[in-house]
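# A structural model of the following input is requested.
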Amino acid sequence: MKWFRDIGPGVLIAAAFIGPGTVTLCTIAGASFGYSLIWAIILSTFFTIVLQEMSLRIGLATRMNLARVIRTSIKSFLLNRLLILLVISSILIGNAAYEAGNITGASLGLSAIINNQSFNYFPVLIGIIAFIILYQGDYKIIERSLISLVIVMSISFFITAIMTKPDIINLLNGMFKPKINSDNLIIILGLIGTTVVPYNIFLHSSLVSEKWNSINKLKVARLESFISILLGGLVSLSIIITAASVNNQNVTGVIDLAKGLEPLYGKFAIYFLGIGLFASGITSSITAPLAAAYVAKSCFGWNGSLKSKRFRLIWFSILFIGVLISMININPIEIIKFAQFSNSLLLPIIAIILLWLINNKNIISSKYNYRYQNILGVFIVIISLLLGVKGIISLL
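Residues are numbered from 1 along each chain as shown. Here you go, the predicted structure:
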(Lines give C-alpha, C1' and ligand atoms only; values in the text may rest on other atoms or scores of the structure.)
Protein backbone atom coordinates (compact mmCIF):
# COMPACT_ATOMS: atom_id res chain seq x y z
CA MET A 1 0.00 0.00 0.00
CA LYS A 2 2.92 2.33 0.71
CA TRP A 3 4.24 1.73 -2.81
CA PHE A 4 0.80 2.44 -4.29
CA ARG A 5 0.77 5.78 -2.47
CA ASP A 6 4.09 6.61 -4.12
CA ILE A 7 2.93 6.08 -7.70
CA GLY A 8 2.15 9.17 -9.74
CA PRO A 9 4.84 10.90 -11.83
CA GLY A 10 5.62 7.88 -14.02
CA VAL A 11 1.94 7.18 -14.65
CA LEU A 12 1.42 10.79 -15.69
CA ILE A 13 4.27 10.44 -18.19
CA ALA A 14 2.65 7.30 -19.61
CA ALA A 15 -0.66 9.20 -19.76
CA ALA A 16 1.05 12.00 -21.67
CA PHE A 17 2.66 9.95 -24.42
CA ILE A 18 -0.30 7.62 -25.03
CA GLY A 19 -2.43 10.28 -26.64
CA PRO A 20 -4.55 10.25 -29.82
CA GLY A 21 -1.41 10.99 -31.87
CA THR A 22 0.18 7.79 -30.59
CA VAL A 23 -3.04 5.86 -31.08
CA THR A 24 -3.40 7.14 -34.66
CA LEU A 25 0.23 6.55 -35.64
CA CYS A 26 0.31 3.05 -34.11
CA THR A 27 -2.92 2.30 -35.96
CA ILE A 28 -1.41 3.41 -39.28
CA ALA A 29 1.80 1.47 -38.54
CA GLY A 30 -0.09 -1.75 -37.79
CA ALA A 31 -2.60 -1.45 -40.65
CA SER A 32 0.04 -0.51 -43.24
CA PHE A 33 3.04 -2.60 -42.16
CA GLY A 34 1.59 -5.37 -39.97
CA TYR A 35 3.87 -6.50 -37.16
CA SER A 36 7.06 -5.33 -38.92
CA LEU A 37 7.39 -2.07 -36.93
CA ILE A 38 6.92 -3.56 -33.47
CA TRP A 39 10.70 -3.29 -32.96
CA ALA A 40 10.40 0.52 -33.34
CA ILE A 41 7.93 0.72 -30.42
CA ILE A 42 10.18 -1.50 -28.27
CA LEU A 43 13.21 0.67 -29.11
CA SER A 44 11.21 3.86 -28.41
CA THR A 45 10.04 2.51 -25.05
CA PHE A 46 13.64 1.64 -24.14
CA PHE A 47 14.76 5.18 -25.11
CA THR A 48 11.96 6.63 -22.99
CA ILE A 49 12.84 4.57 -19.90
CA VAL A 50 16.52 5.65 -20.04
CA LEU A 51 15.92 9.36 -20.72
CA GLN A 52 13.02 9.75 -18.27
CA GLU A 53 15.18 8.14 -15.56
CA MET A 54 17.87 10.77 -16.18
CA SER A 55 15.24 13.50 -15.95
CA LEU A 56 13.78 12.22 -12.67
CA ARG A 57 17.28 11.81 -11.22
CA ILE A 58 18.05 15.46 -11.96
CA GLY A 59 14.69 16.51 -10.51
CA LEU A 60 15.25 14.60 -7.26
CA ALA A 61 18.89 15.68 -6.88
CA THR A 62 18.29 19.38 -7.52
CA ARG A 63 14.64 19.77 -6.39
CA MET A 64 14.25 21.72 -9.64
CA ASN A 65 12.84 20.86 -13.03
CA LEU A 66 15.00 20.50 -16.12
CA ALA A 67 14.22 23.88 -17.65
CA ARG A 68 15.28 25.69 -14.47
CA VAL A 69 18.45 23.58 -14.20
CA ILE A 70 19.37 24.56 -17.78
CA ARG A 71 18.64 28.23 -17.05
CA THR A 72 20.76 28.32 -13.90
CA SER A 73 23.60 25.98 -14.96
CA ILE A 74 24.68 27.23 -18.39
CA LYS A 75 26.86 30.29 -17.79
CA SER A 76 27.34 31.34 -21.41
CA PHE A 77 24.70 34.07 -21.96
CA LEU A 78 24.28 33.34 -25.68
CA LEU A 79 24.07 29.54 -25.29
CA ASN A 80 21.75 29.93 -22.29
CA ARG A 81 19.32 32.13 -24.23
CA LEU A 82 19.47 29.96 -27.35
CA LEU A 83 18.64 26.81 -25.40
CA ILE A 84 15.85 28.51 -23.45
CA LEU A 85 14.40 29.84 -26.74
CA LEU A 86 14.62 26.34 -28.26
CA VAL A 87 12.90 24.79 -25.24
CA ILE A 88 10.11 27.39 -25.06
CA SER A 89 9.37 27.35 -28.80
CA SER A 90 9.42 23.55 -29.12
CA ILE A 91 7.34 22.94 -26.00
CA LEU A 92 4.74 25.72 -26.32
CA ILE A 93 4.22 25.48 -30.09
CA GLY A 94 4.45 21.69 -30.09
CA ASN A 95 2.01 21.36 -27.20
CA ALA A 96 -0.50 23.67 -28.85
CA ALA A 97 -0.41 21.41 -31.94
CA TYR A 98 -0.71 18.29 -29.79
CA GLU A 99 -3.59 19.72 -27.79
CA ALA A 100 -5.76 20.09 -30.89
CA GLY A 101 -5.20 16.41 -31.65
CA ASN A 102 -5.76 15.41 -28.03
CA ILE A 103 -9.12 17.12 -27.82
CA THR A 104 -10.22 15.93 -31.26
CA GLY A 105 -9.20 12.38 -30.36
CA ALA A 106 -11.17 12.45 -27.11
CA SER A 107 -14.15 13.87 -29.02
CA LEU A 108 -13.96 11.09 -31.63
CA GLY A 109 -13.82 8.50 -28.84
CA LEU A 110 -16.86 10.02 -27.17
CA SER A 111 -18.77 10.14 -30.47
CA ALA A 112 -17.97 6.45 -31.04
CA ILE A 113 -19.21 5.48 -27.57
CA ILE A 114 -22.57 7.27 -27.88
CA ASN A 115 -22.88 6.57 -31.63
CA ASN A 116 -23.12 10.21 -32.61
CA GLN A 117 -20.93 11.24 -35.55
CA SER A 118 -21.64 14.96 -35.06
CA PHE A 119 -19.15 16.07 -32.40
CA ASN A 120 -19.00 19.86 -32.98
CA TYR A 121 -19.63 20.58 -29.30
CA PHE A 122 -17.69 17.66 -27.85
CA PRO A 123 -14.39 19.63 -27.88
CA VAL A 124 -15.98 22.18 -25.54
CA LEU A 125 -17.06 19.39 -23.18
CA ILE A 126 -13.54 17.87 -23.24
CA GLY A 127 -12.05 21.33 -22.67
CA ILE A 128 -14.33 21.94 -19.68
CA ILE A 129 -13.36 18.60 -18.09
CA ALA A 130 -9.65 19.36 -18.55
CA PHE A 131 -10.15 22.93 -17.29
CA ILE A 132 -11.89 21.79 -14.09
CA ILE A 133 -9.14 19.28 -13.25
CA LEU A 134 -6.31 21.74 -14.01
CA TYR A 135 -7.98 24.70 -12.27
CA GLN A 136 -8.04 22.82 -8.98
CA GLY A 137 -4.29 23.50 -8.83
CA ASP A 138 -3.88 20.41 -6.68
CA TYR A 139 -1.21 17.95 -7.79
CA LYS A 140 -2.93 15.02 -6.03
CA ILE A 141 -6.25 15.62 -7.79
CA ILE A 142 -4.53 15.77 -11.19
CA GLU A 143 -2.49 12.68 -10.36
CA ARG A 144 -5.44 10.55 -9.20
CA SER A 145 -7.60 11.62 -12.16
CA LEU A 146 -4.94 10.61 -14.66
CA ILE A 147 -4.10 7.32 -12.94
CA SER A 148 -7.78 6.30 -13.17
CA LEU A 149 -7.95 7.23 -16.85
CA VAL A 150 -4.70 5.38 -17.65
CA ILE A 151 -6.10 2.20 -16.05
CA VAL A 152 -9.29 2.47 -18.14
CA MET A 153 -7.30 3.18 -21.33
CA SER A 154 -4.87 0.28 -20.76
CA ILE A 155 -7.58 -2.28 -20.05
CA SER A 156 -9.52 -1.15 -23.12
CA PHE A 157 -6.61 -1.52 -25.56
CA PHE A 158 -5.30 -4.76 -23.97
CA ILE A 159 -8.70 -6.46 -24.31
CA THR A 160 -8.99 -5.34 -27.93
CA ALA A 161 -5.52 -6.71 -28.78
CA ILE A 162 -6.22 -10.07 -27.11
CA MET A 163 -9.46 -10.33 -29.09
CA THR A 164 -7.47 -10.27 -32.36
CA LYS A 165 -5.54 -13.49 -31.44
CA PRO A 166 -2.16 -12.30 -32.81
CA ASP A 167 0.19 -14.55 -34.80
CA ILE A 168 3.03 -15.16 -32.30
CA ILE A 169 5.68 -16.12 -34.92
CA ASN A 170 5.10 -12.97 -36.99
CA LEU A 171 4.94 -10.91 -33.82
CA LEU A 172 8.38 -12.19 -32.70
CA ASN A 173 9.79 -11.50 -36.19
CA GLY A 174 8.51 -7.93 -35.89
CA MET A 175 10.28 -7.59 -32.53
CA PHE A 176 13.69 -8.94 -33.48
CA LYS A 177 14.07 -8.31 -37.22
CA PRO A 178 14.16 -4.53 -37.79
CA LYS A 179 13.17 -3.32 -41.25
CA ILE A 180 13.91 0.24 -42.38
CA ASN A 181 13.18 1.55 -45.87
CA SER A 182 11.97 4.69 -47.61
CA ASP A 183 8.33 3.60 -47.22
CA ASN A 184 8.33 3.17 -43.45
CA LEU A 185 11.08 5.58 -42.28
CA ILE A 186 8.81 8.56 -41.56
CA ILE A 187 6.43 6.30 -39.60
CA ILE A 188 9.40 4.90 -37.62
CA LEU A 189 10.55 8.43 -36.76
CA GLY A 190 6.98 9.32 -35.87
CA LEU A 191 6.72 6.33 -33.52
CA ILE A 192 9.92 7.45 -31.79
CA GLY A 193 8.75 11.07 -31.70
CA THR A 194 5.36 10.19 -30.24
CA THR A 195 6.87 7.96 -27.52
CA VAL A 196 10.03 9.83 -26.52
CA VAL A 197 8.30 13.20 -26.16
CA PRO A 198 10.57 16.19 -25.28
CA TYR A 199 7.94 17.86 -23.11
CA ASN A 200 7.67 14.67 -21.04
CA ILE A 201 11.39 14.85 -20.25
CA PHE A 202 10.82 18.34 -18.84
CA LEU A 203 7.53 17.39 -17.18
CA HIS A 204 8.99 14.38 -15.34
CA SER A 205 11.61 16.42 -13.48
CA SER A 206 8.85 18.84 -12.43
CA LEU A 207 6.55 16.08 -11.21
CA VAL A 208 9.14 14.24 -9.10
CA SER A 209 10.24 17.49 -7.44
CA GLU A 210 6.55 18.16 -6.63
CA LYS A 211 5.98 14.61 -5.37
CA TRP A 212 9.14 13.94 -3.34
CA ASN A 213 11.65 16.09 -1.47
CA SER A 214 14.69 13.84 -1.35
CA ILE A 215 17.11 11.93 -3.59
CA ASN A 216 16.53 9.06 -1.15
CA LYS A 217 13.31 8.38 -3.08
CA LEU A 218 15.35 7.55 -6.19
CA LYS A 219 14.77 3.79 -5.98
CA VAL A 220 10.99 4.17 -5.65
CA ALA A 221 10.87 6.80 -8.39
CA ARG A 222 12.86 4.59 -10.77
CA LEU A 223 10.66 1.53 -10.21
CA GLU A 224 7.48 3.56 -10.59
CA SER A 225 8.80 5.17 -13.77
CA PHE A 226 9.96 1.86 -15.28
CA ILE A 227 6.64 0.07 -14.67
CA SER A 228 4.55 3.01 -15.91
CA ILE A 229 6.51 3.58 -19.12
CA LEU A 230 6.60 -0.17 -19.81
CA LEU A 231 2.82 -0.19 -19.43
CA GLY A 232 2.60 2.69 -21.92
CA GLY A 233 4.79 0.78 -24.37
CA LEU A 234 2.51 -2.27 -24.03
CA VAL A 235 -0.51 -0.08 -24.83
CA SER A 236 1.22 1.11 -28.04
CA LEU A 237 2.10 -2.50 -28.85
CA SER A 238 -1.54 -3.54 -28.32
CA ILE A 239 -2.72 -0.91 -30.79
CA ILE A 240 -0.26 -2.07 -33.48
CA ILE A 241 -1.29 -5.71 -32.94
CA THR A 242 -4.97 -4.77 -33.20
CA ALA A 243 -4.44 -2.71 -36.37
CA ALA A 244 -2.31 -5.46 -37.96
CA SER A 245 -5.24 -7.84 -37.76
CA VAL A 246 -7.26 -5.57 -40.06
CA ASN A 247 -4.50 -5.37 -42.71
CA ASN A 248 -6.13 -2.49 -44.56
CA GLN A 249 -4.07 0.32 -46.07
CA ASN A 250 -7.09 2.66 -45.86
CA VAL A 251 -7.18 2.60 -42.06
CA THR A 252 -6.07 6.07 -40.95
CA GLY A 253 -7.48 6.25 -37.45
CA VAL A 254 -8.96 4.31 -34.57
CA ILE A 255 -12.56 4.70 -35.75
CA ASP A 256 -11.64 3.14 -39.13
CA LEU A 257 -9.92 0.40 -37.15
CA ALA A 258 -13.06 -0.26 -35.10
CA LYS A 259 -15.16 -0.55 -38.27
CA GLY A 260 -12.60 -2.98 -39.71
CA LEU A 261 -12.91 -5.18 -36.63
CA GLU A 262 -16.72 -5.24 -36.61
CA PRO A 263 -17.06 -8.31 -38.92
CA LEU A 264 -14.97 -10.32 -36.44
CA TYR A 265 -16.04 -8.96 -33.07
CA GLY A 266 -19.32 -7.15 -33.68
CA LYS A 267 -20.12 -3.66 -32.41
CA PHE A 268 -18.29 -4.20 -29.13
CA ALA A 269 -15.01 -3.36 -30.91
CA ILE A 270 -16.00 0.25 -31.45
CA TYR A 271 -16.91 0.65 -27.76
CA PHE A 272 -13.60 -0.75 -26.52
CA LEU A 273 -11.62 1.41 -28.93
CA GLY A 274 -13.84 4.44 -28.33
CA ILE A 275 -13.29 4.25 -24.55
CA GLY A 276 -9.53 3.87 -25.09
CA LEU A 277 -9.38 6.83 -27.46
CA PHE A 278 -11.52 8.99 -25.14
CA ALA A 279 -9.32 8.17 -22.12
CA SER A 280 -6.08 8.75 -24.06
CA GLY A 281 -7.39 12.09 -25.35
CA ILE A 282 -8.47 13.31 -21.90
CA THR A 283 -5.18 12.35 -20.23
CA SER A 284 -3.08 14.08 -22.87
CA SER A 285 -5.43 17.09 -22.90
CA ILE A 286 -4.49 17.59 -19.25
CA THR A 287 -0.76 16.80 -19.34
CA ALA A 288 0.16 18.84 -22.45
CA PRO A 289 -1.03 22.22 -21.00
CA LEU A 290 0.40 21.26 -17.59
CA ALA A 291 3.84 20.54 -19.09
CA ALA A 292 3.80 23.80 -21.07
CA ALA A 293 2.99 25.77 -17.90
CA TYR A 294 5.79 24.08 -15.92
CA VAL A 295 8.33 24.78 -18.66
CA ALA A 296 7.27 28.43 -19.04
CA LYS A 297 7.38 28.91 -15.26
CA SER A 298 10.93 27.58 -15.08
CA CYS A 299 12.29 29.26 -18.21
CA PHE A 300 11.06 32.69 -17.11
CA GLY A 301 11.97 32.16 -13.45
CA TRP A 302 8.43 32.68 -12.14
CA ASN A 303 7.59 31.92 -8.53
CA GLY A 304 4.27 30.67 -7.25
CA SER A 305 2.19 27.51 -7.13
CA LEU A 306 0.01 25.71 -9.65
CA LYS A 307 -2.70 28.22 -8.71
CA SER A 308 -0.69 31.31 -9.70
CA LYS A 309 -2.23 33.52 -12.41
CA ARG A 310 0.72 33.23 -14.82
CA PHE A 311 0.84 29.44 -14.48
CA ARG A 312 -2.90 29.21 -15.15
CA LEU A 313 -2.65 31.63 -18.09
CA ILE A 314 -0.16 29.35 -19.90
CA TRP A 315 -2.10 26.12 -19.53
CA PHE A 316 -5.39 27.89 -20.30
CA SER A 317 -3.90 29.33 -23.53
CA ILE A 318 -2.78 25.89 -24.72
CA LEU A 319 -6.15 24.38 -23.79
CA PHE A 320 -8.08 27.20 -25.49
CA ILE A 321 -6.07 26.90 -28.73
CA GLY A 322 -6.70 23.15 -28.75
CA VAL A 323 -10.47 23.56 -28.30
CA LEU A 324 -10.61 26.32 -30.92
CA ILE A 325 -8.76 24.35 -33.61
CA SER A 326 -10.86 21.27 -32.86
CA MET A 327 -14.10 23.24 -33.35
CA ILE A 328 -13.20 24.95 -36.65
CA ASN A 329 -12.62 21.59 -38.31
CA ILE A 330 -8.94 21.98 -39.10
CA ASN A 331 -7.66 18.41 -39.28
CA PRO A 332 -4.88 18.23 -36.66
CA ILE A 333 -3.60 14.77 -37.65
CA GLU A 334 -1.05 16.05 -40.16
CA ILE A 335 0.05 18.72 -37.66
CA ILE A 336 0.52 16.03 -35.00
CA LYS A 337 2.47 13.80 -37.39
CA PHE A 338 4.74 16.73 -38.24
CA ALA A 339 5.15 17.55 -34.51
CA GLN A 340 6.09 13.92 -33.83
CA PHE A 341 8.60 13.94 -36.70
CA SER A 342 10.04 17.20 -35.32
CA ASN A 343 10.22 15.63 -31.86
CA SER A 344 12.35 12.80 -33.23
CA LEU A 345 14.75 15.38 -34.70
CA LEU A 346 14.83 17.30 -31.40
CA LEU A 347 15.51 14.11 -29.43
CA PRO A 348 19.33 14.01 -29.97
CA ILE A 349 19.63 17.60 -28.71
CA ILE A 350 17.60 16.87 -25.57
CA ALA A 351 19.57 13.64 -24.98
CA ILE A 352 22.89 15.49 -25.29
CA ILE A 353 21.73 18.17 -22.82
CA LEU A 354 20.60 15.46 -20.38
CA LEU A 355 23.95 13.65 -20.65
CA TRP A 356 25.83 16.89 -20.04
CA LEU A 357 23.73 17.81 -17.00
CA ILE A 358 23.82 14.32 -15.48
CA ASN A 359 27.64 14.31 -15.70
CA ASN A 360 28.03 17.81 -14.26
CA LYS A 361 29.24 17.32 -10.66
CA ASN A 362 27.99 20.79 -9.74
CA ILE A 363 24.46 19.60 -10.49
CA ILE A 364 24.41 15.98 -9.38
CA SER A 365 26.84 14.06 -7.18
CA SER A 366 29.03 11.39 -8.79
CA LYS A 367 27.41 9.01 -6.30
CA TYR A 368 24.24 9.22 -8.39
CA ASN A 369 25.97 9.03 -11.77
CA TYR A 370 26.20 5.60 -13.39
CA ARG A 371 28.55 4.58 -16.19
CA TYR A 372 26.20 2.03 -17.78
CA GLN A 373 23.45 4.64 -18.07
CA ASN A 374 25.85 7.08 -19.67
CA ILE A 375 26.76 4.40 -22.22
CA LEU A 376 23.06 3.83 -22.93
CA GLY A 377 22.59 7.60 -23.27
CA VAL A 378 25.40 7.83 -25.85
CA PHE A 379 23.85 4.88 -27.71
CA ILE A 380 20.50 6.70 -27.82
CA VAL A 381 22.13 9.88 -29.13
CA ILE A 382 23.92 7.97 -31.92
CA ILE A 383 20.86 5.97 -32.99
CA SER A 384 18.53 8.98 -32.89
CA LEU A 385 21.06 11.10 -34.85
CA LEU A 386 21.40 8.44 -37.55
CA LEU A 387 17.63 8.02 -37.86
CA GLY A 388 17.09 11.80 -37.79
CA VAL A 389 19.63 12.49 -40.55
CA LYS A 390 18.21 9.66 -42.64
CA GLY A 391 14.72 11.06 -42.08
CA ILE A 392 15.73 14.56 -43.23
CA ILE A 393 17.36 13.14 -46.36
CA SER A 394 14.25 11.07 -47.06
CA LEU A 395 11.97 14.09 -46.54
CA LEU A 396 14.08 16.26 -48.85
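# what helices or strands is the one helix or strand residue 242 maps to leaning on?
Under the criterion DSSP states H and E, the helix or strand holding residue 242 is helix 218-246. Helix 218-246 sits against helix 2-6, helix 9-17, helix 20-33, helix 38-62, helix 139-163, helix 185-195, helix 198-211, helix 254-265, with contacts defined as 3 or more Cβ pairs under 8 Å, 6 or more residues apart in numbering; DSSP states H and E. Backbone N, C-alpha and C define where each C-beta goes, glycine included.
# closest one to residue 92 among the ones you listed?
When the helices and strands packed on helix 218-246 are compared by Cβ to Cβ, helix 198-211 sits nearest residue 92, at 9.3 Å.
# how far off helix 218-246 does the closest one point, in degrees?
Direction vectors for helix 198-211 and helix 218-246, defined by axes from the mean of the first three to the mean of the last three Cα atoms, to 10 degrees, enclose an angle of 140 degrees.
# next one: helix 198-211 to chain centre, how far?
12 Å (Cα atoms, centre = their mean, to the nearest Å).
# any idea of the mean pLDDT in the stretch of helix or strand residue 72 belongs to?
Residue 72 is part of helix 66-73, with elements assigned from DSSP H and E. Per-residue pLDDT values over helix 66-73 give a mean of 81.
# and after that helix, which helix or strand comes next?
Secondary structure here is assigned by DSSP H and E; on that basis, the next helix or strand after helix 66-73 toward the C-terminus is helix 77-114.
# buried set for the helix or strand that comes right after that following helix?
Secondary structure here is assigned by DSSP H and E; on that basis, the next helix or strand after helix 77-114 toward the C-terminus is helix 122-135. For helix 122-135, a neighbour-count test (16 or more other Cβ atoms under 10 Å) marks 122, 123, 126, 127, 130, 131, 133, 134 as buried.
# could these be laid out in a markdown table, adding pLDDT and distance to residue 360?
A markdown table is the format used below for the buried residues of helix 122-135 (pLDDT from 0 to 100; distance: Cβ to Cβ, whole Å):
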| residue | pLDDT | distance to residue 360 |
| --- | --- | --- |
| 122 | 82 | 47 |
| 123 | 84 | 43 |
| 126 | 86 | 41 |
| 127 | 88 | 41 |
| 130 | 87 | 36 |
| 131 | 90 | 39 |
| 133 | 83 | 36 |
| 134 | 86 | 33 |
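# wait, which of these is closest to residue 363?
Comparing these against residue 363 with Cβ to Cβ places residue 134 closest, at 30.2 Å.
# list the residues that contact the closest residue in space to that closest one that isn't next to it in sequence.
Using Cβ to Cβ, 6 or more residues apart in numbering and skipping the chain neighbours, the partner closest in space to residue 134 is residue 315 (5.5 Å). Applying Cβ atoms under 8 Å, 6 or more residues apart in numbering to residue 315 gives the contacts 134, 289, 290, 292, 293.
# now, the most widely separated pair of those?
The most widely separated members of these are 134 and 292, with 11.1 Å between them, by Cβ to Cβ.
# would you check how far apart residue 321 and residue 161 are?
When distances are taken as Cβ to Cβ, to the nearest Å, residue 321 and residue 161 turn out to be 33 Å apart.
# for residue 219, same thing?
Counting by Cβ to Cβ - residue 219 and residue 161 are separated by 32 Å.
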